[in-house]
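Asks: Here is a sequence with its predicted model. Questions after.
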Amino acid sequence: MASRNFTVGQRVVATNKAGTLRFVGETDFATGEWYGVELDEAQGKNNGTVQGKAYFECAENHGLFVRKAQLRPEVGGRTTRSSSRLTALRAKRASALKKRDEVSGGGGGSSSRATSPTPSAPAKSAPASPEPKA
């Protein structure tokens, strides 16, 4: 997978939540490089401040810090993972339908399943009259 470079102000998706990248760098709360995201909805864990230190400012519960591996660019207002998954599912379904039509010799969009007629109920006969006693 190609290395991605992110810049502050970029639209991103962090753990399947859309937002804007507000911070990139080292923090006092954990080692390594962290990415601070201001989420569009209140699905975060902070307001950009962690353990009393402000890294960026946003509304309460709109801030989230993640590692680079948990971050990806937002594409067309949708997450790249979900849109690529949807595209893959559509392609798989189209392939399966094409194979089904080739095997059944059918075509078109309607189902090629044959329906059998409902068997008719046997005709009811009149009740037998009792035989005369001899």
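Replies: Sure, I can see it. Numbering: from 1, shown residues only.
Asks: List the buried residues in the top strand by length along the chain.
Replies: Ordering each strand of the chain by length in residues (DSSP state E) puts strand 17-26 first. Along strand 17-26, these residues count as buried under the neighbour rule (16 or more other Cβ atoms under 10 Å): 17-24. C-beta here means a position set from N, CA and C on the backbone, and glycine is covered the same way.
Asks: just the helices in this structure please.
Replies: Ranges of helices within the chain are 80-104, based on DSSP state H.
Asks: In it, where is pLDDT below threshold?
Replies: Per-residue confidence for the chain (pLDDT under 70) gives these ranges: 1-3, 77-90, 106-134.
Asks: Going by residue numbers, what spans are strands in it?
Replies: Using DSSP E, strands in the chain cover 11-14, 17-26, 33-39, 49-50, 53-54, 63-66, 71-75, 78-79.
Asks: Save these as TSV, and put in distance to K98 too.
Replies: TSV is the format used below for these (distance: least, Cβ to Cβ, whole Å):
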stretch	distance to K98
strand 11-14	33
strand 17-26	35
strand 33-39	41
strand 49-50	52
strand 53-54	56
strand 63-66	40
strand 71-75	28
strand 78-79	27
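Asks: doesn't N16 make contact with L39?
Replies: No - applying Cβ atoms under 8 Å, one finds L39 not in contact with N16, separated by 10.8 Å.
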